[in-house]
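1. Any chance you can model this:
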Amino acid sequence: MTRQEVFYWVKEQYGTDPEYPWKDQNAVLRNKNNNKWYAVILKVSRNKLGLTGESMMDIINVKSDPILIGAFRMQDGFFPAYHMNKDKWISIALDRPELDHEIKNLVDMSYQIVKGKHS
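-> Okay, here's the model as predicted:
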């Protein structure tokens, strides 16, 4: 999925529009009811994820069940959460069409996780 495909899909699913709190291309997706983040789309250097090269790539960070995170990290295209709590979040490459279905499932899981939480 591209970032634009993610934005279109979350608008259809949850009525969410991306927010740009850092005034750059990095976007936050929030639950409209409680303002909690359920996804963050970031442009990061490949080497920040342990990959070779310094070219930039889009990733999505989603909140996940800590029990599942270890299994996901063993799969190609999944990484320890970039700039988030690595026990509760995971990063996924957005440049791999074979992960599109999994990305949608994990975004939905993340949305459901934050949906019930209130501060």
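2. I'd guessed F78 sits against I92; true?
-> Yes - counting by C-beta atoms under 8 Å, F78 does reach I92; the two are 5.7 Å apart. C-beta here means a position set from N, CA and C on the backbone, and glycine is covered the same way.
3. These two - which one has more neighbours?
-> Each of F78 and I92 has its neighbours counted (other C-beta atoms under 10 Å); I92 has more, 24 against 21.
4. where are the low-confidence patches of this protein?
-> 117-119 (pLDDT under 70).
5. Start from the N-terminal end of it and give the helices.
-> Taking DSSP state H as the criterion, the chain carries its helices at 3-14, 66-73, 100-115.
6. Tell me which other helices or strands the longest one touches.
-> What that stands for is helix 100-115. helix 3-14, strand 37-45, strand 56-63, strand 89-93 (3 or more C-beta pairs under 8 Å, 6 or more residues apart in numbering; DSSP states H and E).
7. repeat that for 10 Å
-> helix 3-14, strand 27-30, strand 37-45, strand 56-63, helix 66-73, strand 89-93 (3 or more C-beta pairs under 10 Å, 6 or more residues apart in numbering; DSSP states H and E).
8. Can you point out the buried residues in it?
-> Residues I103, K104, L106, V107, D108, S110, Y111, I113, V114 are the ones in helix 100-115 that count as buried (16 or more other C-beta atoms under 10 Å).
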